[in-house]
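**Student:** this is a predicted model, with the sequence first.
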Amino acid sequence: MKIAVIAHNLHAGGGFTVGNSIISTLLQIAPEHEYLMLVPMSCGYVPAEAPARVKFIEAPCKPLTDRMIWERRHLNQLLTNFRPDWLWGLGNLAYPAVKCRQSILLHNPHRVYYHEGYRRSLSLSRRLIERYLDWKIGSDIKFVDRVYCQTQIMRDKVCERFDIPMEKTGLCPNAVKADFNQPTEIPVELGPYYKNKFIIFVPTRYYPAKNLEILVSTFAKHRDKLADTICVLLVSEDQGRGAANFIKRIKHEKLHKQLICLGSRPQEMMPQYYFAADAMLLPTELESFSGSYIEAMYFERPILTSKLDFAMELCENAALYFDQRDPDDVCRAILQVKDNEAMRGKMVLSGKKIISKMPSWMEIIGNVLDNEGISRK
């Protein structure tokens, strides 16, 4: 069977982790098929020794508008020449010009539901692009044979938003990376704070929907209460105008010693940051399935996060929830976890129980192939 997998727009953050995990797992459990893998250039998707029946095409990592032009010029022709029997689009979009059976992984919640004010925080040009992408997925989804979602809540919302039956959807959740190691040492830059401060790890780059600005408001309003608490963030000015403004505000409020922006770090270093942290915090407004939640459970750290449906479905009693728009409530949650060691222990235990019941990537991709009627080992 000839299978095309489209992941060229998944080059950073959780999208990269999901795309890379799906592709590597497919090649392990269904190596008998012929594959065309379209992936972003120089991001780590291509194995050192690709099987003979697998062709990787590396697409240049371009801004969205440039990438759309590249797709029109090259993508459809590549797929037409390959003539796949099944196409799986991992980047939220369908490809109706390609005449074959298609499925998509829809893991961008902005296409399904919004939070108030998110799009107003974007530039005018970006808002226009978002509106175009909304229209495109709504128009293209009728060509799709199955839409995969990462949670049941997302699945319900997809059916409601696009008026499609539940049987036309499937589940493809997230899983912990199989090659994560349990760390034994902390990152050098956190040495001065380890055991001296309550360290909260915020494992995300800057995105408007992550709502990181609430941390500045919280720490500015409650300086004395949070004096011995720090947040470690993976934000840097090169992550866009919003990130630069966020860091500028931290400096203006003189909070740079409490909200420590390290910038991006390699995925293989994430275990060390969890190991050094006392808790994980994510004040997000929108998620499909944040891998940060299950990583925190895996590394036995209590979770502080927004009181929203997607978070509560995944985290249950492993998290303490707060109103992500209220600095007083964010502070309340931080102090409650910080000052109650017994509570932290119970949350960690709940997380271990949750993650013990989660499927592995091998099981997840095996179920997808079974749904599609595709053979596997």
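**Tutor:** Thanks, I have the structure now. Numbering: from 1, shown residues only.
**Student:** in stretch 49-66, what counts as buried?
**Tutor:** Buried residues in stretch 49-66, counting neighbours by 16 or more other CB atoms under 10 Å, are found at 54, 57, 59, 62. Glycine gets a C-beta too; all of them are placed from N, C-alpha and C.
**Student:** what sits closest to the last one if chain neighbours are left out?
**Tutor:** Once flanking residues are discounted, Lys62 sits nearest to Trp70: 6.1 Å by CB to CB, 6 or more residues apart in numbering.
**Student:** mind listing what Gly263 touches?
**Tutor:** With contact taken as CB atoms under 8 Å, 6 or more residues apart in numbering, Gly263 is in contact with 234-236, 238.
**Student:** hey, where'd the strands end up in the chain?
**Tutor:** For the chain, the strands defined by DSSP state E cover 2-6, 34-40, 54-59, 86-89, 101-105, 146-149, 169-171, 198-202, 229-233, 259-261, 279-282, 303-306, 319-322.
**Student:** before we move on, the earlier item: the residue nearest to Lys62: how many residues sit nearby?
**Tutor:** Close neighbours of Trp70, defined as other CB atoms under 10 Å, add up to 14.
**Student:** report the buried residues of stretch 156-172.
**Tutor:** With burial defined by 16+ other CB under 10 Å, the residues of stretch 156-172 counted as buried are 157-159, 161-162, 164, 169-172.
**Student:** returning to what we had before: out of the strands of the chain, which is closest to Lys338?
**Tutor:** Evaluated over the strands of the chain, closeness to Lys338 peaks at strand 198-202, with 4.8 Å, by CB to CB.
**Student:** and the closest one with strand 229-233, angle?
**Tutor:** An angle of 20 degrees separates the directions of strand 198-202 and strand 229-233 when computed by axes from the mean of the first three to the mean of the last three CA atoms, to 10 degrees.
**Student:** not counting its own residues, what contacts strand 198-202?
**Tutor:** Where contact means CB under 8 Å, 6+ apart, the residues beyond strand 198-202 that reach it are 190, 193, 212, 215, 228-234, 273-274, 276-282, 301, 304, 334, 338.
**Student:** what do you get for stretch 53-63?
**Tutor:** If you take CB under 8 Å, 6+ apart as the criterion, stretch 53-63 is touched by 8, 11, 27, 31-43, 45-46, 50, 67, 70, 74-75, 78, 82.
**Student:** buried ones from the contacts of Gly263, can you make that a PyMOL selection?
**Tutor:** To isolate the buried subset of the contacts of Gly263 in PyMOL, counting by 16+ other CB under 10 Å, use the following:
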select buried, resi 234+235+236
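**Student:** among the contacts of Gly263, which one has the lowest pLDDT?
**Tutor:** Here the lowest pLDDT out of the contacts of Gly263 sits on Asp238, with 91.
**Student:** for the stretch 51-200 of the chain, what are the low-confidence residue spans?
**Tutor:** Low-confidence segments of the stretch 51-200 of the chain, defined by pLDDT under 70, are located at 114-122, 178-179.
**Student:** helices of that one, start to end?
**Tutor:** 64-70, 76-82, 124-140, 152-162 (DSSP state H, counting those that start in this stretch).
**Student:** could you identify which of those helices is most buried?
**Tutor:** Of the helices of the stretch 51-200 of the chain, the one with the most neighbours on average (mean count of other CB atoms under 10 Å) is helix 152-162, at a mean of 18.
**Student:** for that helix, packing partners?
**Tutor:** Here helix 152-162 is seen to pack against strand 146-149, strand 169-171, helix 309-315 when contacts are counted using 3 or more CB pairs under 8 Å, 6 or more residues apart in numbering; DSSP states H and E.
**Student:** okay if I get the ones you listed as JSON lines plus distance to Arg127?
**Tutor:** Written out in JSON lines, the entries for those read as follows (distance: least, CB to CB, whole Å):
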{"stretch": "strand 146-149", "distance to Arg127": "25"}
{"stretch": "strand 169-171", "distance to Arg127": "28"}
{"stretch": "helix 309-315", "distance to Arg127": "23"}
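**Student:** among the ones you listed, which is the most enclosed?
**Tutor:** Mean neighbour count (mean count of other CB under 10 Å) peaks for strand 146-149 among the helices and strands packed on helix 152-162, with a mean of 23.
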